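# Requesting a structural model of the entry that follows:
(one chain, ligands or ions: 2)
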Amino acid sequence: MIQHIETFLLDVPTIRPHKLSVATMNTQTLVLVRIRCADGIVGWGEATTIGGLNYGEESPESIKVNIDTHIAPLLIGMDASQPAKAMAKIRKIIQGNRFAKCALETALLDAQARRLNVPLSELLGGRVRDTLPVAWTLASGDTAKDIAEAEHMLDIRRHRIFKLKIGLRSVEDDVAHVLAIKRALGERASVRVDVNQAWSESEAVRGIAKLEDGGIDLIEQPVKAYNTAALARLKHRFDVAIMADEALHGPCDAMALAHHDAADVFAVKITQSGGLMPALEVATVARLSGVGLYGGTMLEGGIGTAATAHVCSTFADLAWDTELFGPLLLTQEVLREPLVYRDFELQVPTGPGLGVEIDTDKLRSLQRK
Ligand SMILES: O=C(O)C[C@H]1C=CC(=O)O1
Ligand SMILES: [Mn+2]
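Ligands and ions are numbered 1, 2, ... in the order given. Predicted coordinates for the structure are as follows:
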């Protein structure tokens with residue numbers, strides 16, 4: 001039986017300012033959920049988002065209050081060994097609140113997989129891979145610093161895929177910044193950009209033409225999330241791959257984007273999809289419509305990152321890799337044993353459930369008072 005549901009806000013400083021077109025992050029607020037079951041089993045989930053309300057329409061505080069006040073009471077007393085039934089109830093009664101739903105589904109599946117003594121991936125159909133290539137985001141705002149950071153990541157064999165956050169400066173300045181980094185790294189790395197919706201369609205045409213010429217591999221969400229028609233026109237105009245990120249809030253968006261042939265790649269995010277099972281549905285739509293997959297992040301800590309890793313481990317084709325580096329951007333670790341990054345890849349945890357344990361002392365020390 002589901003006995004108790006708690007939510008926690010943890011404010012964790014980042015290792016350096018992380019500059020996106022919508023926000024500069026100096027701190028990340030982790031939103032964690034703990035579900036205690038009557039049989040003594042505990043499950044964890046995460047609903048972390050980016051930049052308060054700058055990035056999305058759910059804030060850490062709203063996620064917490066909505067779970068505490070409106071969603072958790074619906075689950076208390078339900079059978080903890082039936083996560084699908086519990087989530088069906090929530091999805092029927094609660095509108096929106098994708099991040100909250102994701103955290104609760106993660107915690108329920110973590111608990112159930114622990115109960116069955118299997119890794120969470122095995123409740124999702126089973127893993128086909130144990131490691132995932134991981135991109136790193138260069139977003140210091142300074143070209144020379146970004147190049148030095150990329151060189152360091154190559155040296156220590158942690159990342160050889162780099163995503164550059166652009167869209168804050170003029171198209172010309174951003175293109176010069178990106179191409180300087182690509183020239184410095186050459187064929188040693190895949191260089192990609194994330195515009196986070198900042199460009200108009202005509203700016204996108206100007207920018208993408210130059211980025212494509214300069215050997216950039218992927219253009220993420222160049223235009224506004226709602227502008228499916230513009231995204232489709234860009235996809236058809238250019239050879240370089242165009243990825244949908246903010247345009248993709250779950251399976252229905254995936255269907256619409258596929259129907260309009262609007263993207264070459266989907267960034268699959270468990271939070272934006274509204275949970276692990278809907279994220280699998282997004283991936284299925286992608287597979288059936290010839291769209292490539294990328295494992296995305298909302299810069300979650302170890303819980304959300306492990307959950308996404310379990311989801312991505314079930315994808316037979318993961319053509320565009322992942323960006324599951326969230327915990328590495330934070331100055332503090334909340335897991336007892338950190339996730340393992342080795343030889344440019346994240347090792348998908350193999351223990352029961354998520355395969356990670358929360359350090360409750362750390363949790364208490366970081367928890368917002
Ligand atoms: O993709 C986003 O828009 C959000 C996030 C993911 C990596 C990163 O640096 O920011
Ligand atoms: Mn993005």
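# Over to stretch 243-252 now: how far is its first residue from its last?
By C-alpha to C-alpha, to the nearest Å, the extent of stretch 243-252 from end to end equals 17 Å.
# Give me the buried positions along it.
Under the neighbour-count criterion of 16 or more other C-beta atoms under 10 Å, stretch 243-252 has 243-251 buried. Any C-beta I mention is one placed from the backbone N, CA and C, and that applies to glycine too.
# cool, and stretch 167-182?
The neighbour-count check on stretch 167-182 (16+ other C-beta under 10 Å) flags 167-168, 171, 174-175, 177-179, 181-182 as buried.
# likewise stretch 69-89?
Within stretch 69-89, the residues scored as buried using 16+ other C-beta under 10 Å are 71-72, 74-75, 78, 80-81, 83, 86-87.
# what residues are up against residue 311?
Counting by C-beta atoms under 8 Å, 6 or more residues apart in numbering, residue 311 makes contact with 121, 124, 268, 270, 276, 279-280, 283, 295.
# repeat that for 10 Å
Going by C-beta atoms under 10 Å, 6 or more residues apart in numbering, residue 311 touches 106, 120-121, 124-125, 127, 268-270, 273, 275-277, 279-280, 282-283, 295, 322, 348.
# quick check, distance from the one helix or strand it maps to to the centre of its chain.
Assessed by DSSP states H and E, residue 311 sits inside helix 302-312. Taking C-alpha atoms, centre = their mean, to the nearest Å, the mean C-alpha location of helix 302-312 is offset from the chain mean by 9 Å.
# Can you show me the strands along this protein?
Under the criterion DSSP state E, strands of the chain are mapped to 2-19, 24-37, 42-46, 131-133, 136-138, 161-165, 190-194, 218-220, 241-244, 265-268, 292-295, 341-342, 345-347.
# picking up where we left off before, in helices, which of the contacts of residue 311 fall?
Among the contacts of residue 311, the members falling in helices (DSSP state H) are 106, 270, 273, 276-277, 279-280, 282-283.
# Contacting ligand 2 as well, which ones from those?
Among these, none lies close to ligand 2 by the criterion of C-beta under 5 Å from the ion.
# Of those, select the buried ones using a PyMOL command.
Buried residues within the ones in helices among the contacts of residue 311, by 16+ other C-beta under 10 Å, are selected in PyMOL with:
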select buried, resi 106+270+273+276+277+279+280+282+283
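# Specify which member of the ones in helices among the contacts of residue 311 is nearest to residue 360.
residue 106 (18.0 Å; C-beta to C-beta).
# middle-most residue in the protein, spatially?
For the chain, residue 297 is the residue whose C-alpha lies nearest the centre (C-alpha atoms, centre = their mean; 1.5 Å).
# Let me know whether residue 216 touches residue 194 as I believe.
No - using C-beta atoms under 10 Å as the test, residue 216 is too far from residue 194 to be in contact (11.2 Å).
# and those two? which has more neighbours close in?
residue 194 (26 against 23; other C-beta atoms under 10 Å).
# What pLDDT does the model give the residue in the stretch 201-350 of the chain that ligand 2 sits nearest to?
Nearest residue of the stretch 201-350 of the chain to ligand 2 (C-beta to the ion) works out as residue 245 at 3.6 Å. Per-residue confidence (pLDDT) for residue 245: 98.
# ok so, going back, ok, of the buried residues of stretch 167-182, which one's closest to ligand 2?
Nearest to ligand 2 among the buried residues of stretch 167-182 is residue 167, at 10.4 Å by C-beta to the ion.
# Could I get the phi/psi values of that closest one?
phi 120, psi -10 (degrees, to the nearest 10).
# quick one on the thing from earlier: among the strands of the chain, which is nearest residue 146?
strand 136-138 (4.0 Å).
# how about residue 248, what does it touch?
Contacts of residue 248 (C-beta under 10 Å, 6+ apart): 221, 225, 254, 256-257, 263, 266-269, 272-273, 282, 285-286, 296.
# any idea how far the closest residue to residue 118 other than its chain neighbours is from residue 214?
Among residues not flanking residue 118 along the chain, residue 352 sits closest, at 6.4 Å (C-beta to C-beta, 6 or more residues apart in numbering). Per C-beta to C-beta, to the nearest Å, residue 352 is found 46 Å from residue 214.
# Show me which residues of this structure sit near ligand 2.
Taking C-beta under 5 Å from the ion as the criterion, the chain approaches ligand 2 at residues 194, 220, 245.
# Return the per-residue confidence for whatever residue of the stretch 51-200 of the chain ends up closest to ligand 2.
Proximity to ligand 2, evaluated over the stretch 51-200 of the chain using C-beta to the ion, is greatest for residue 194 at 4.3 Å. Per-residue confidence (pLDDT) for residue 194: 98.
# same deal with residue 207?
Residue 207 is assigned 98 on the pLDDT scale.
# Around it, count how many other residues there are.
The burial count for residue 207: 25, using other C-beta under 10 Å.
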